[in-house]
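[1] coords please:
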Amino acid sequence: MHNLRHVTDQRVLDRFVRLCEIASPTGSERAVADDVLREIRELGIEVVEDGAAGPARAGSGNLIARVPGARDAWAMFCAHLDTVPHDGPVEVVLDQGVFRSRGDTILGADNKAAVTVLVELAARYAMANPAVGLELVFTVAEEDGLRGAKELDLGSLRSSFGFILDHASPVGEVVTAAPTYERLAAEFEGTEAHSGIRPEDGRSAIEAAAAAVARMELGRLDEETTANVGVIEGGTASNVVPGRCRIQGEARSLDDGRASRTIGAMVDVCTWAASEHECDVDLEVTEMFRGYRLSSKAQSVTIARAALERSGVEPRETSTGGGSDANALNARGFETVLLANGTEANHTPEESVAAERLAQMLRVCEAIVEETAARC
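    All right, here's what the predicted structure looks like:
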């Protein structure tokens with residue numbers, strides 16, 4: 001295994017700050033993609049951009065870099081280039097070994113901590129071939145429906161399994177199960193009327209929507225299933241019986257059937273409420289991503305566990321209620337395990353990552369290369 005430099009390696013720290021300060025909300029990934037392309041090409045490493053930008057509604061395509069290995073075996077590592085939206089520029093500060101945003105924005109460690117690590121992995125193997133070949137995949141539009149991963153040409157990959165560094169928890173967690181996510185959009189349409197003069201002529205879309213939400217089972221329904229209504233909006237003025245109201249909700253479950261039944265029950269309640277309040281309702285259900293379960297004996301899982309142990313970290317298999325590119329790739333038949341990357345409070349102004357976690361992720365990735373060589 002290569003000897004890793006100390007965590008204070010300025011190249012890694014500078015790269016992380018630079019990437020975080022390049023705005024790349026979903027759909028606007030071009031600038032950060034160009035930065036990654038430039039650095040990898042300067043290393044003399046093969047890197048291509050695919051045609052996902054259009055169908056994924058992204059600012060660039062996915063990037064795929066390859067570092068040939070000493071053996072004809074390959075391991076894939078993946079990180080996403082986009083972030084959730086934020087207002088104003090990101091300014092990164094390093095305080096007592098921890099990276100944070102100076103202002104009220106996100107930091108962008110989700111997922112630029114992983115992007116930083118994978119570019120460094122390429123840099124450290126550029127001059128001496130790794131034990132196995134590396135495929136480094138940088139996806140786009142992950143934060144809104146995993147759209148880049150859904151457009152990735154899996155037939156072009158030389159690897160048969162992969163590792164995604166995109167779980168915000170202490171390094172060591174190996175996510176072997178993630179949910180199916182169903183999204184509901186319901187548009188209630190009633191009849192407007194003056195609320196002070198002829199309210200009886202109106203049919204309140206807000207009342208219908210509220211009745212529907214009140215009847216839904218929401219929150220944690222069981223150990224594997226959650227449901228939520230996160231958006232409700234409608235009406236035009238306080239003196240008008242509202243003729244329109246829109247709600248958005250979701251159901252998630254590690255059990256595909258339970259996710260389907262839960263969203264189905266939410267649809268049924270919306271239909272009932274519209275009828276009870278003499279309104280119409282337009283319903284749309286979208287499967288945002290499909291869940292997965294990996295066996296503890298899956299090749300990616302056994303390699304990840306062994307690599308963590310080699311790195312001095314106790315592996316902990318777990319499940320998550322969130323989604324990642326692992327959902328999209330596993331659903332398409334490409335075995336991928338999601339790994340914790342040591343970031344915290346993602347998608348919030350409190351987001352942070354310790355500099356030491358970057359070094360720890362690098363150690364784990366190099367150990368994955370060695371364990372892949374030993375087992376494949």
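[2] C-alpha from now on. contacts and neighbour counts both.
    Will do.
[3] thought residue 338 was touching residue 327?
    No. Look at residue 338 against residue 327 with Cα atoms under 8 Å: they stay out of range, at 9.1 Å.
[4] Show the backbone phi and psi for the closest residue to residue 36 other than its chain neighbours.
    Leaving aside its chain neighbours, residue 36 sits nearest to residue 119 (7.5 Å; criterion: Cα to Cα, 6 or more residues apart in numbering). Phi and psi for residue 119, reported as degrees, to the nearest 10, are phi -70, psi -40.
[5] same deal with residue 325?
    According to degrees, to the nearest 10, residue 325 has phi -60, psi -20.
[6] Contact partners for it?
    Contacts for residue 325 were tallied using Cα atoms under 8 Å, 6 or more residues apart in numbering; they are 142, 146, 149, 164.
[7] again, 6 Å this time
    146, 149 (Cα atoms under 6 Å, 6 or more residues apart in numbering).
[8] Do you know the pLDDT at it?
    Reading off the confidence values, residue 325 has pLDDT 98.
[9] Also residue 72?
    You'll see residue 72 listed with a pLDDT of 89.
[10] Quick check: it vs residue 64, distance?
    Residue 72 sits 18 Å away from residue 64, going by Cα to Cα, to the nearest Å.
[11] Likewise for residue 140?
    For residue 140 relative to residue 64 (Cα to Cα), the value is 12 Å.
[12] For stretch 234-254, give me every contacting residue.
    By Cα under 6 Å, 6+ apart, the residues outside stretch 234-254 that reach it are 178-195, 202, 204-206, 224-233, 259, 263.
[13] in this structure, which residue is closest to the centre?
    residue 324 (3.7 Å; Cα atoms, centre = their mean).
[14] And stretch 48-62, what's buried?
    Residues of stretch 48-62 classed as buried under the neighbour-count rule (16 or more other Cα atoms under 10 Å) are 49-53, 56-62.
[15] And the residues you listed, which two are furthest apart?
    Greatest spatial distance among the buried residues of stretch 48-62 (Cα to Cα): 49 and 57, at 14.8 Å.
[16] what residues does stretch 214-221 touch?
    Here stretch 214-221 makes contact (Cα under 6 Å, 6+ apart) with 226-228.
[17] Start and end of that stretch, how far apart?
    Stretch 214-221 has its terminal residues 15 Å apart, counting by Cα to Cα.
[18] pLDDT (mean, whole number) over it?
    98.
[19] Tell me the buried residues in it?
    Neighbour-count burial for stretch 214-221 flags 216, 218 (criterion: 16+ other Cα under 10 Å).
[20] Pull the distance from that stretch to the chain's centre.
    Here the centre of stretch 214-221 is set off from its chain's centre by 25 Å, with Cα atoms, centre = their mean, to the nearest Å.
[21] For the residue of the chain positioned farthest from its centre, list the residues it contacts.
    Relative to the centre of the chain, the most outlying C-alpha is that of residue 197, 50.4 Å out, by Cα atoms, centre = their mean. Residues near residue 197 by Cα under 6 Å, 6+ apart: none.
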